[in-house]
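Asker: Okay, predicted coordinates and the sequence, questions at the end:
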Amino acid sequence: MSTPDPEPVRAFLEDRHVSLSKDVAAYAARELKPRPEPRDDDAARKEARTLLTEVGRAGYFRPIQDQDWRACCLVREALASASPLGDAVFALQGLGTLPILLSGNAAMRERWVEAAIAGRAMAAFAMTEADAGSDVAAMKTAALRDGDSYRLSGTKTFISNAGIADFYTVFATTDPAAGGKGISCFVVPADAPGLRFTRPQILSSPHPLGEIAFQDCKVPAANRLGEEGRGMALGLKTLDRMRATVGAAACGMAARALEEAFSHARTRKQFGTPLAEFQLIQEKLARMATDLTAARLLVYRAAWTADRGAERVTLEAAMAKAYATEAAQRVVDDAVQILGGSGVLAAHPVDRLYRSVRALRIYEGTTEIQHLVIAGQLMKGGAG
């Protein structure tokens, strides 16, 4: 079985998506699946840059520029199944460039977007701070107007691609008294004076993460995306669009875990009988497959809704991310249980998935935040 499998979600796809699903599945299996997991943070940073170049050369960042969300989901499923780090690279190219595309800033688009889509420039998305995670409006990084420039000061943490990105899409307050309505968004080149990479933050699954600091960092006003004070809306719209693709990545990891577990269960014998013939193992496999299919249907419904031109897909995307990431955690955990000792060996793909899948329930809005969003939409009469 290839990942992504277009058939269970065929009702949400066009013919071009089915063709893409086959191409990207073959690419991921051939080029990414054989690559070993980086051994440490330094190796992960080098590997991320290599994957940026290779995926860009293959053309699989193009759906980001096209804002074809079903295509983005198909690509993320394939990448996440074969290489969680490859999927992370795709995610950050989307998060870093989409605000530029949505803002209509032609100069920033010309400077950065094509290079990012081609895999020549690495993007980063700098929103999170130590005291501003789910509560984005609490951010303290400030951007003070200085003639035809702004001067940024503050610290961002848990930033993917920190230290290796070529540009950062940065959110900072231009009017602290206005709270969320006083946040603006800027494109900051990595070589901007006053911007520095302060430290890496090490994850159990190698991934370039870290902290960056701005100290009187001068950024031209022309680098602002959208109107002053509209950064929060731009950021939320970006997350609204990208959120379903996080669910797709979760589905990719779950599909790989199910594949590994099923293969093991059919060949591994205990008491003279293949594991797959034990009813308790069959129950796990059945639940895993059902969870995966349900998750994919929610993901592609959200992406299909976005592709049809909906201004916001808040409810659909929140449901997709919340369900798919939680389901993927269950599927991967069951896969570890079926594989037994092999499933906790660091070199096994399922152990790698176990370490990678956990973060998806946190980034771009925790599951708990998604549940609040869903409930809020229901109370507004937004059930769909």
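Answerer: In hand now; what should we look at? Numbers count the residues shown, from 1 in each chain.
Asker: For the rest of this, base every contact and every neighbour count on C-alpha atoms.
Answerer: Will do.
Asker: you'd agree Gly210 is up against Ser160?
Answerer: Yes. Using Cα atoms under 8 Å, Gly210 makes contact with Ser160 at a distance of 6.5 Å.
Asker: And the one helix or strand Leu258 maps to, how far out from the chain middle?
Answerer: Leu258 belongs to helix 231-267 when elements are defined using DSSP states H and E. Helix 231-267 has its C-alpha centroid displaced from the chain centroid by 8 Å (Cα atoms, centre = their mean, to the nearest Å).
Asker: How about stretch 164-171?
Answerer: 16 Å.
Asker: Repeat that for stretch 133-145.
Answerer: Shown here is stretch 133-145, whose average C-alpha point lies 22 Å from the average C-alpha point of the whole chain (Cα atoms, centre = their mean).
Asker: Same check on stretch 340-350?
Answerer: 24 Å.
Asker: ok, and for that stretch, which residues are buried?
Answerer: Within stretch 340-350, the residues that count as buried by 16 or more other Cα atoms under 10 Å are Ser342, Gly343, Val344, Pro349, Val350.
Asker: Now secondary structure and pLDDT too, for these, in TSV please.
Answerer: Supplementary listing: these in TSV, determined by DSSP: H, G, I helix; E, B strand; the rest coil; pLDDT from 0 to 100:
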residue	secondary structure	pLDDT
Ser342	helix	93
Gly343	helix	93
Val344	helix	93
Pro349	helix	95
Val350	helix	96
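Asker: re the thing from before, quick one: mean pLDDT for the helix holding Leu258?
Answerer: Per-residue pLDDT values over helix 231-267 give a mean of 96.
Asker: Would you map the helices across the stretch 151-300 of the chain?
Answerer: Here the stretch 151-300 of the chain has its helices, by DSSP state H, counting those that start in this stretch, at 231-267, 279-307.
Asker: OK, contacts around Ala318?
Answerer: With contacts defined as Cα atoms under 8 Å, 6 or more residues apart in numbering, the neighbours of Ala318 are Arg243, Ala244, Gln370, His371, Val373, Ile374.
Asker: In a helix, Tyr323, correct?
Answerer: Yes. Checked against DSSP: H, G, I helix; E, B strand; the rest coil, Tyr323 lies within a helix.
Asker: ok, Leu144 touching Gly154?
Answerer: No. When contacts are counted by Cα under 8 Å, Leu144 is not listed as touching Gly154 (11.5 Å).
Asker: what's the helix holding Leu258 packed up against?
Answerer: If contacts are counted by 3 or more Cα pairs under 8 Å, 6 or more residues apart in numbering; DSSP states H and E, helix 231-267 sits against helix 69-82, helix 84-103, strand 183-189, strand 273-274, helix 279-307, helix 314-339, helix 349-357.
Asker: Comparing these, which stretch has the densest surroundings?
Answerer: Across the helices and strands packed on helix 231-267, averaging neighbours per residue (mean count of other Cα atoms under 10 Å) puts helix 69-82 on top, at a mean of 29.
Asker: Please enumerate residues in contact with that helix?
Answerer: Surrounding helix 69-82, the residues in contact under the criterion Cα under 8 Å, 6+ apart are 3-4, 13, 17, 20-21, 24-25, 28-29, 32-33, 60, 63-64, 86-87, 90-91, 241, 244-246, 248-256, 299-300, 303-304, 306-307.
Asker: can we see that at 6 Å?
Answerer: Taking Cα atoms under 6 Å, 6 or more residues apart in numbering as the criterion, the residues outside helix 69-82 that touch it are 3-4, 21, 25, 28, 32-33, 63, 86-87, 245, 248-249, 252-253, 256, 303.
Asker: Stretch 150-157 too?
Answerer: Contacts of stretch 150-157 with the rest of the structure, by Cα under 6 Å, 6+ apart, involve 128-129, 141-144, 211-219.
Asker: which two from these end up farthest apart in space?
Answerer: Using Cα to Cα, the two most remote members of the contacts of stretch 150-157 are Leu144 and Glu211, lying 21.3 Å apart.
Asker: between those two, which one's more packed in?
Answerer: Taking other Cα atoms under 10 Å, Leu144 and Glu211 do not tie; Glu211 has more neighbours (23 against 16).
Asker: Spatially nearest residue to the more buried one, not counting backbone neighbours?
Answerer: Thr157 (4.4 Å; Cα to Cα, 6 or more residues apart in numbering).
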